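# Could you work out the structure for the sequence below:
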Amino acid sequence: MGPPSAVALGLRASGEELTGRYAEAVGLLAILQGPGTRDLPPGHPSATSALDEGRFLYELGFFREHYIAGLCGLRLDAAEDRLLRSFFQDLATAAAAPRGSSAIATSTPETSS
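From the prediction side, this is the model:
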């Protein structure tokens, strides 16, 4: 099962119109990630970190459950699951770090051989 179609999402537009809307959305994201972020007031949460750590961890867990396990049908053993969760934690920590810092962890969890 692939992603939902435009019709399933309730969008009644031609392929050309959807392509235009997609291009517009990507353009807005580029503005938000560049000048939009640079021009935020100094006290704004998005001016200091890229993502909220807890929310990002929730999204990564949702991805693990619904895409990796659900849609793809992949089952991880305990060691693989620990490694993936540790990686997700590292990503979330780095995303929540102050902008301009390098917060990617260099350690990995112990795995049994």
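
# tell me the domain ranges of the chain?
Domain assignment for the chain by automatic domain parsing gives 9-39, 49-108.

# what's the least confident stretch among those?
Ranked by mean pLDDT, these bottom out at domain 9-39, with a mean of 79.

# starting at the chain centroid, how far to that one?
Chain-centre distance of domain 9-39: 17 Å, with CA atoms, centre = their mean, to the nearest Å.

# if we can go back for a sec, just checking, which of the domains of the chain sits deepest inside the structure?
By mean neighbour count, with neighbours taken as mean count of other CB atoms under 10 Å, domain 49-108 ranks first of those at a mean of 13. All C-beta atoms are positioned from the backbone trio N, CA, C, and that covers glycine.

# All the helices of this structure, in order from the start?
In the chain, helices defined by DSSP state H lie at 15-33, 35-38, 45-48, 53-63, 78-96, listed in chain order.

# Can you lay out those as CSV showing distance to residue 72?
Output for the helices of the chain, formatted as CSV (distance: least, CB to CB, whole Å):
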stretch, distance to residue 72
helix 15-33, 25
helix 35-38, 33
helix 45-48, 32
helix 53-63, 11
helix 78-96, 13
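
# just so I know, which of the ones you listed lies nearest residue 70?
helix 53-63 (9.9 Å; CB to CB).

# got a list of contacts for that closest one?
88, 89, 91, 92, 93, 95, 96 (CB atoms under 8 Å, 6 or more residues apart in numbering).

# and the gap between the third one and residue 81?
As defined by CB to CB, to the nearest Å, residue 91 lies at a distance of 16 Å from residue 81.

# next one: the second one
For residue 89, the distance to residue 81 (CB to CB) stands at 13 Å.

# ok, now the first one?
To residue 81, residue 88 is 11 Å away according to CB to CB.

# Also residue 90?
According to CB to CB, residue 90 stands 15 Å off from residue 81.

# now do residue 63
Residue 63 is 14 Å from residue 81, by CB to CB.

# Same question for residue 17.
43 Å.

# ok, now residue 57?
Separation of residue 57 from residue 81 (CB to CB) stands at 15 Å.

# before we move on, what about residue 97?
25 Å.
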